[in-house]
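A.B. asks: From the sequence below, what's the structure:
(2 chains)
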Amino acid sequence: MKKNKSKGNNRRVVRTICSGCHCACGVLAHVEGDKVVKIEGDPDFPMNEGSLCPKGLSATQFLYHPDRILYPLKRTGKRGEGKWQRISKDEALDLTAARFKEILDKYGPAAIGWSWGDAAYHSCWWSKQAWLKAMGSPTNWHSDSHYCWHPLWIANRTTFGTYHASEAGMDYRNSKCIFLWGGNPVMSHPTRARDIMIGVKNGAKLVVIDPRFTQIASKADLFLQIRPGTDDALALGMLHIIINEELYDKEFVKKWCIGFEELRERVQEYPVGRVSEITDLNPEDIIKAARMYSTVRPSIHHCRMGVQQNSNVVQTCRAISAMIAICGNLDVKGGHVGFNPPKGYRSLGSILESPDELRLSKEIEDTRIGAKEYPFLSGSESLCWSCAHPPSVIHAILTEKPYPVKANWFLNDIALCLEGQRDAYEAIMKLEFTVGSDFFFTPTMELCDIIIPPTMWLEKDSIEELFYNTGHMDYVGARQKVVEPLGETMDDAVMDLEIIKRMGLEIPGPWETPHDFFNYQLADTGVTFEELKKRGYIAGTIEYKKYEKIGFDTPSGKVELHSSLLEKHGYDPLPYYKENDITRVSHPELAEEYPLNLITGSRHIAYFHSNNRQIPWCRELEPMPKLEIHPDTAAKLGIGEDDWAWIETPISKERVKMPAHLTRVVKPEVVHAPSHWWFPEMKGPEHGCFQSSINLVLTIDGPYDPVAGASNLRGVLCKIYKVEED
Amino acid sequence: MKMKILVDIDLCVGCFACEVACKQEHNLPQGPKLMKVVQVGPKEIGGKLVMDFVPMHCRHCENPPCIEACPVDAISKRNDGIVLFDENLCIGCGECIEVCPFGAPQYNPEKQIMQACDLCHERIDQGLLPICVQNCPTDALVFGDPNSLSERVRQKKADALLHRRFTGSSGID
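C.D. replies: Have a look, this model is predicted:
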């Protein structure tokens, strides 16, 4: 293809896959000698078709950043003092294995865990899990599993089973009507924004439900500026209209749904007048949205963090899932197509869920932190990739209840990525042994005893499954090593296999090297990893209405609008609305001192979680966090553009400050603060992580969503005032 | 043939990818942006919030005022209409900024010179697209000769008119 011919004579171009976020875009890496000189989007890769976002385009600045950690390090001073000694790879692995072994012998396997929260570590999810299984430890935890993706998946699975998780397989390009709930994929998932715009170009209507007037909202046919955290009421109100006006797919409901009458009865509690009062939306807009979703078909509900980071997330997503089902949008072209992986491919998910492969035994899983309280998140009956409840892990480290956690392997910046940040920071300080594998001295890496730096995506081979397959395609691709690893960085999976061996344990599968694992996944596809590298990717065949052959993977084989799984565990089997915990409605007495409604955590395209603040082309796009505040509210508070403002909530003793940005993106009573802010240029070990990180004014002490354990990060009362000192 | 970059405002979602693609192609430090996405709004118009994203770059004018303004003749126009700044001649005085109707010229603090979009002329000479156009995820940026571009705009407006005549609403609403 002429378009991407190389520039100089000594330049070669290597195809690989970015891991700057979960999108997994195809990349053409231009190499001169042993150096990557340029990154372009791969026009022949289906996910991005030649485009890339600022993160991918800045990858050379990441790879060759002068501050990147390139050699294994051992802490020599006190924890966090910043005194390090360079050690060899061997010494780092031996020391790490010996310390873990010591803790294993002293406290038992569950006292050792690993945590992550970053796309860069997909490629070692299997090997970290293999390490845990070799020890018999159930303590795998992410920074965000209780309110990112897992709750939605639990809601989907209780409603219509495994195969149609609505986070995957949305067929934007062929849809006639796309609903976005609490998400701005322009900033968070650029390839999805691209597919949505292709859908819009093809004639789809776009409806955006968000307390913020986002980029994608500016393209919407209908924008519902909802009161934060009331998506459950809106979804139930829409169901009320759709059911009472008989706008649903009667044939599908009759043939494939159970519990419709109970749902009909439940939604009678949510007439449009009541819903309008709860959500601050016009009744006309609610009616319009309900009629659009149910009559302009096929339609999609894309529901993201604005919905999920609330303490009634599973029931909210259940109401939305029910709407997807009764409107006949399951597994149809232009709707929610689900998974259609390449034939014979053993997905990471299936391997993690199989007790013969990487899943721990039922007995061990049921001792996992959170398993008792949140069986669908953390136990052997988990309806997602079973993992510990993150706030409870922090509590376990601090209080040793239900049992002590004494050592952890940190793969990303947990210090910044959890609500109740002070507790998370203290928990890290309290651990007996901390090992870290990250690219830069983040606030978390600063607190590690040993650092074993990992290779970046341009320096390693791996299989990339598409977290975000869309309905028109499902495939797996090959990431391939473009250049040799810098310094003494190591592939994470190699580290893990080495640690297992050096702890005297057995690798729980036929995998001596990462490539063994890739070929294990590919064994029944007829393609080896080497061949996959040449091909770039292999695709599955898109098939619709798979349920007609195999039914739905629920206890009844039907779509369970009335969920037997939830009922069995004593949860309400039907969706309901619950007001968020700290709002003017639930706590009017707090509203005088804390009159504003704080939402947190929207993304910027330059960053992924706490990453990229040190990358010049990324930082230039968003140099500082911005507190978004309506101009009228700011005027009343005497706050001008770029003035620093304090943010306080009734659920934290802390306060944080950041510059104000006066904008009509939010309504006058709502303010928004971005998350994960730290400043690599500020002094370690904290690097300013207690200055502007909004997680400081949130709490890990609940209340949580009763099913998934989600905390409430969206819609908490707060007060804002100007920073008076310099 | 005179080639231009056309911006389709309806499709620009404000992702800033063109800015960074351009910075990589031209190896620019923090500061200068030869392509810049300007956000307009949100404003309340007729009770409705509106917001646009407008990619701004050198328009390679027919009679570029910057050429007239440059005291050292560092700016020239190729036969195909591309306006180029000569790094070796430019003294970084910034006269071109004052006269440009689009605010296109940028100061590069590392090289201490002015720079502007060069339409990726080296890529164009190899038959490639300007990098911002190639990278744009929504095809909001389109490259072509002005008449083929106006054909595209005409077609789009005509489609919308048809839609409006028969549905009572524009293609977008």
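
A.B. asks: contacting residues for the nearest residue to A:Asp492 once chain neighbours are set aside?
C.D. replies: Leaving aside its chain neighbours, A:Asp492 sits nearest to A:Cys124 (3.5 Å; criterion: CB to CB, 6 or more residues apart in numbering or on different chains). Bear in mind the C-beta positions are built from the backbone N, C-alpha and C, glycine included. Counting by CB atoms under 8 Å, 6 or more residues apart in numbering or on different chains, A:Cys124 touches A:Leu411, A:Pro454, A:Asp491, A:Asp492, A:Ala493, A:Met495, A:Asp496.

A.B. asks: now swap in A:Leu532 and tell me
C.D. replies: Counting by CB under 8 Å, 6+ apart, A:Leu532 touches A:Ile463, A:Val476, A:Gly477, A:Ala478, A:Phe518, A:Leu522, A:Ile538.

A.B. asks: Same list (the residues you listed) but as a markdown table, adding neighbour count, distance to chain B and secondary structure.
C.D. replies: Shown next, in a markdown table, are those (neighbours: other CB atoms under 10 Å in any protein chain shown; distance: CB to the nearest CB, whole Å; DSSP: H, G, I helix; E, B strand; the rest coil):
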| residue | neighbour count | distance to chain B | secondary structure |
| --- | --- | --- | --- |
| A:Ile463 | 25 | 25 | strand |
| A:Val476 | 25 | 22 | strand |
| A:Gly477 | 27 | 18 | strand |
| A:Ala478 | 24 | 23 | strand |
| A:Phe518 | 25 | 29 | helix |
| A:Leu522 | 22 | 30 | helix |
| A:Ile538 | 20 | 24 | strand |
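
A.B. asks: ok, those residues vs A:Lys35, which is closest?
C.D. replies: A:Ala478 (22.1 Å; CB to CB).

A.B. asks: Below-threshold pLDDT in the stretch 51-200 of chain A: ranges please.
C.D. replies: Filtered on pLDDT under 70, the stretch 51-200 of chain A yields the residue ranges A:119, A:163-166.

A.B. asks: Could you list the contact residues of it toward chain B?
C.D. replies: Residues of the stretch 51-200 of chain A lying near chain B by CB under 8 Å from any CB of the partner chain: A:51-54, A:57-58, A:60, A:186-187, A:190-191, A:193-194, A:197-198.

A.B. asks: Max pairwise distance over these: which two?
C.D. replies: Spanning the widest gap among those are A:Thr60 and A:Ile198, at 28.9 Å by CB to CB.

A.B. asks: And the lowest-mean-pLDDT helix or strand in chain B, what's buried?
C.D. replies: None of the helices or strands of chain B scores lower by mean pLDDT, DSSP states H and E than helix B:146-167, at a mean of 80. Neighbour-count burial for helix B:146-167 flags B:Leu149, B:Ala160, B:His163 (criterion: 16 or more other CB atoms under 10 Å in any protein chain shown).

A.B. asks: Same question for stretch B:97-113.
C.D. replies: B:Ile97, B:Cys100, B:Ala104, B:Pro105, B:Gln106, B:Asn108, B:Ile113.

A.B. asks: In strands, which of these appear?
C.D. replies: Among the buried residues of stretch B:97-113, the ones falling in strands (DSSP state E) are B:Gln106, B:Asn108, B:Ile113.

A.B. asks: surely the second one meets B:Gly94?
C.D. replies: No: in this structure, B:Asn108 sits apart from B:Gly94 without contact. The criterion is CB atoms under 8 Å, and the distance is 11.6 Å.

A.B. asks: anything in contact with each of those two?
C.D. replies: B:Met114.

A.B. asks: on that earlier part again, any idea how far chain B is from the residue nearest to A:Asp492?
C.D. replies: A:Cys124 sits at a distance of 28 Å from chain B (criterion: CB to the nearest CB, to the nearest Å).

A.B. asks: same question, A:His604
C.D. replies: 9 Å.

A.B. asks: name the element residue 29 belongs to?
C.D. replies: No chain in the question, so chain A it is. strand A:26-32 (DSSP states H and E).

A.B. asks: tell me the centre residue of the chain?
C.D. replies: No chain specified, so I'll use chain A. A:Cys148 (4.7 Å; CA atoms, centre = their mean).

A.B. asks: To clarify, I was referring to chain B.
C.D. replies: B:His57 (3.2 Å).

A.B. asks: Flag every residue of chain B that's near chain A.
C.D. replies: B:10-11, B:13-17, B:19-21, B:23-25, B:29-31, B:41-44, B:49-53, B:126-129, B:131, B:134-138, B:172-173.

A.B. asks: Counting neighbours, which of those end up buried?
C.D. replies: B:10-11, B:13-17, B:19-21, B:23-25, B:41-42, B:49, B:51, B:53, B:128-129, B:131, B:134-138.

A.B. asks: quick one: low-confidence parts of chain A?
C.D. replies: A:1-9, A:119, A:163-166, A:467, A:726.

A.B. asks: ditto for chain B
C.D. replies: Along chain B, the parts satisfying pLDDT under 70 run over B:1, B:167-173.

A.B. asks: And the strands in it, which stretches?
C.D. replies: Taking DSSP E as the criterion, chain B carries its strands at B:4-7, B:36-45, B:48-56, B:75-77, B:83-85, B:106-108, B:113-115, B:141-144.

A.B. asks: and A:Gln309, how far is that from A:Pro555?
C.D. replies: The spacing between A:Gln309 and A:Pro555, counted by CB to CB, to the nearest Å, is 29 Å.

A.B. asks: more crowded one of the two?
C.D. replies: Per other CB atoms under 10 Å in any protein chain shown, whichever of A:Gln309 and A:Pro555 has more neighbours is A:Gln309, with 29 against 13.

A.B. asks: A:Ala710 is in contact with the more buried one, correct?
C.D. replies: Yes: A:Gln309 lies in contact with A:Ala710 (CB under 8 Å); the separation is 6.4 Å.

A.B. asks: hmm, back to that, narrow the residues of chain B next to chain A to those in helices?
C.D. replies: By the criterion of DSSP state H, membership of those in helices covers B:Ala17, B:Glu19, B:Val20, B:Ala21, B:Lys23, B:Gln24, B:Glu25, B:Ile131, B:Gln134, B:Asn135.

A.B. asks: For those, give me a markdown table that also has distance to A:Leu352.
C.D. replies: As requested, those are exported to a markdown table (distance: CB to CB, whole Å):
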| residue | distance to A:Leu352 |
| --- | --- |
| B:Ala17 | 33 |
| B:Glu19 | 39 |
| B:Val20 | 35 |
| B:Ala21 | 36 |
| B:Lys23 | 39 |
| B:Gln24 | 37 |
| B:Glu25 | 41 |
| B:Ile131 | 40 |
| B:Gln134 | 38 |
| B:Asn135 | 35 |
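
A.B. asks: So which of the residues you listed is the closest to chain A?
C.D. replies: Nearest to chain A among those, counting by CB to the nearest CB, is B:Val20 at 4.1 Å.
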